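Engineer: The amino acid sequence is not available; the structure is as follows:
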């Protein structure tokens with residue numbers, strides 16, 4: 001083998017070694033870059049997943065708050081309707097006790113003679129609504145019992161007095177009027193508290 005051939009062979013071997021080293025070096029650099037890229041992708045995926053979970057949780061909480069607010073509103077609407085019915089009953093009792101109309105007096109007698117306390121018992125369909133009312137509202141509702149008892153006592157007095165008097169001689173009963181005012185004031189206090197609970201000004 002001549003010196004030229006050996007030189008060419010050495011040069012070729014050098015080129016092959018340089019190519020092999022370059023390929024290996026390129027592979028190492030590429031694999032490190034790929035690992036870095038994969039690591040960056042994993043971090044990006046994890047942060048995107050956390051953001052999606054947080055947004056989902058926020059949406060669930062917002063939906064829950066909206067549903068609770070709606071149920072609260074419905075429970076206070078039911079209370080408002082019931083208070084309106086109570087007010088009408090109180091007025092019928094008051095005016096019925098003082099009137100000369102037989103049908104109105106008979107209605108008052110039915111309430112007075114047959115479980116008068118049932119007027120203040122919540123209807124069964126409202127039982128679930130009570131869970132949403134604040135303790136302030138429930139306290140005011142309990143106070144209504146006492147005011148109602150005073151009112152009924154005055155209605156009874158008016159009824160008894162009106163039985164013994166001719167229609168033209170009927171006198172105004174200031175005690176019944178005052179008891180009616182206290183009772184209606186208690187109803188309005190419950191409404192005011194309900195408005196505060198709902199954030200209505």
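Structural biologist: Sure, I can see it. Just so it is clear, the structure is predicted and the values come from calculations on it, not from any experiment.
Engineer: All the strands of the chain, in order from the start?
Structural biologist: With DSSP state E, there are no strands along the chain.
Engineer: which stretches of it have low pLDDT?
Structural biologist: Across the chain, the ranges flagged by pLDDT under 70 are 1-6, 8-13, 15-22, 24-35, 37-38, 41, 45, 164-171.
Engineer: Show residues contacting stretch 149-159.
Structural biologist: Stretch 149-159 is contacted from outside by 90, 93-94, 97-98, 105, 108-109, 112, 116, 173, 175-176, 178-180, 182-183, using C-beta atoms under 8 Å, 6 or more residues apart in numbering. (Each C-beta comes from the backbone N, C-alpha and C, glycine too.)
Engineer: For it, buried residues please.
Structural biologist: 150, 151, 152, 154, 155, 158, 159 (16 or more other C-beta atoms under 10 Å).
Engineer: ok, of those residues, which one's closest to residue 187?
Structural biologist: Nearest to residue 187 among those: residue 151, at 11.1 Å, using C-beta to C-beta.
Engineer: any idea how far the closest one is from residue 141?
Structural biologist: Residue 151 is 15 Å from residue 141, where distance means C-beta to C-beta, to the nearest Å.
Engineer: list the contacts for residue 129?
Structural biologist: Shown in contact with residue 129 (C-beta under 8 Å, 6+ apart): 74, 75, 76, 78, 79.
Engineer: No more questions from me, cheers.
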